[in-house]
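1. I need the structure of the sequence given here:
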Amino acid sequence: MSKENQLKLVHTADLHLGMHFHDMSHEKRNERIDDFFKNLREIVNFAIERKCDFFIIAGDIFSNPLPRGEIFNRFAKLMGDLLANGIKVIVAAGNHDTPASFIQRNTALGLHLAGLRDFIYVDQRSIFKPTILEGKHSRKKVAFYIIPFIYPETVTLDETNIADYEKRIFEIFDSQFVEKDVDYSLGVAHLTVEGAKYSSQIEPLFTYEIKVRKSLLRKMIKIADIAYFALGHIHRYQEIDNKIVYSGSIERINFSEINETKGFLYIHEERGELVKEFIPHQCRKMIEIRKEIPSYETPWKEFSSLESWLSGLDAREIKDAMIKLEIKYPREYGHSINWRRLFNLLYRKGAFHVKIEKILTESKGREIIRERKKKRFEDLIEEYVKNIPELRGNESLRNRVVIWIKRILGEIRQAT
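-> The predicted structure is shown next:
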């Protein structure tokens, strides 16, 4: 078989275009947004150079389900480059592509509705039907089983009811089943699979999500003879098993992913089998520094010592890096610490962005508490919901309302 007749495709996910930290300056926000687009451009160029047949995005194109116009336009331009080179794009919408209100749908759907036949976009409101596509370069016929992110609340009132949720996932799969002869069948899904390894400190944020059992995906693989299941949602690249793979995100989203290698998967045919290859790419450096100011009688000396230690850091290591400085200090010493001097010191060394996390301790070794100047709006909302008389005694519904409100607030915050 010549290389021209070999099936070739790219699997990526969790692009999170538009992602940035909210305490960044306007200039730094744009540079951070560029980090993600730079990596996506590299993946697109790779697919074009290798003459791939398909470009799979397993969810979370944007960081916000209603992205700003310039973010969408830049994404559309990259997709246009793929389509112009005969590469078909398959997208399974992720949770970040799905507005929690359900009133609106992601703007990426517009590319599909515009009649671009080779841009396939599927979300939870789509009409699920068989998708059989032929690769322009290999001429291989491929059946795609596309499963977008499904909010558990739309399926079951009990977030612990795995059976109902998995039943819905299987219904989506079954509605796309084809008996026609195809060269390959591929799965694309945005969901959480049991056993998947999260980035550190991330898993608690997703406790409201149902983790699909591996047995369900293996059942679908057996029924449809799926050669490869491209997954998105978990930001860490990993193989659940030989045919079920998370590509991970294309850039480090936050400091919990500080040690993770980011990249994408190149899937190509060799001797009638699909071979996967993880292609890493360069990400912006992240550095985490933890220091403690002990409870002494001369806190200014301890601060001076900390400042001297930071001054001694190699500027070559700091340059263009995102820095998280975690400082643990006694409550009564807060007024003695010149936070602005620490910021300026690291910025003078060329840091791209500095985030200081303050952890207060009681001087006699009591329980550590994190500094809060005032209650967050989300906390006030949660307190309000918990005191609604109609929700008392129904903890499951109350927690669901809180989660839903926080999602909508998150979308509003990302859009501003």
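2. gap between the longest helix along the chain and the chain center?
-> Looking across the chain with DSSP state H, the single longest helix is helix 26-49. Its chain's C-alpha centre and that of helix 26-49 lie 15 Å apart, by C-alpha atoms, centre = their mean, to the nearest Å.
3. restrict the helix or strand just after it to CA atoms and write it as CSV.
-> For helix 26-49, the following helix or strand on the C-terminal side (DSSP states H and E) is strand 54-57. Extracted in CSV, the C-alpha atoms of strand 54-57 (Å, rounded to 0.1, in the frame of the first residue of the first chain):
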residue,chain,number,x,y,z
PHE,A,54,-9.5,14.0,8.8
PHE,A,55,-9.0,16.5,11.7
ILE,A,56,-10.8,15.4,14.9
ILE,A,57,-11.6,17.9,17.6
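4. helices or strands next to strand 54-57 in the packing?
-> Judged by 3 or more C-beta pairs under 8 Å, 6 or more residues apart in numbering; DSSP states H and E, the packing partners of strand 54-57 are strand 8-12, strand 88-92, strand 184-190. Any C-beta I mention is one placed from the backbone N, CA and C, and that applies to glycine too.
5. now these as JSON lines including mean neighbour count, mean pLDDT and distance to A114?
-> Converted to JSON lines, those look like this (neighbours: other C-beta atoms under 10 Å; pLDDT from 0 to 100; distance: least, C-beta to C-beta, whole Å):
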{"stretch": "strand 8-12", "mean neighbour count": "26", "mean pLDDT": "98", "distance to A114": "22"}
{"stretch": "strand 88-92", "mean neighbour count": "26", "mean pLDDT": "97", "distance to A114": "13"}
{"stretch": "strand 184-190", "mean neighbour count": "26", "mean pLDDT": "97", "distance to A114": "21"}
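6. could the ones you listed go into TSV alongside distance to A351?
-> Listed next are these as TSV, based on distance: least, C-beta to C-beta, whole Å:
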stretch	distance to A351
strand 8-12	29
strand 88-92	36
strand 184-190	34
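7. right, so of these, which gets closest to Q238?
-> Nearest to Q238 among the helices and strands packed on strand 54-57 is strand 8-12 (12.9 Å), distances taken as C-beta to C-beta.
8. partners of that closest one in the sheet?
-> Within its sheet, and counting by DSSP bridges, strand 8-12 is paired with strand 54-57 (parallel), strand 263-270 (antiparallel).
9. CA atoms of the longest one as CSV?
-> In this case it means strand 263-270. Extracted in CSV, the C-alpha atoms of strand 263-270 (Å, rounded to 0.1, in the frame of the first residue of the first chain):
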residue,chain,number,x,y,z
GLY,A,263,0.5,17.9,22.2
PHE,A,264,-1.8,16.0,19.8
LEU,A,265,-2.2,12.6,18.3
TYR,A,266,-1.3,11.6,14.7
ILE,A,267,-3.1,8.4,13.7
HIS,A,268,-1.9,6.7,10.5
GLU,A,269,-2.3,3.4,8.7
GLU,A,270,0.4,0.9,8.6
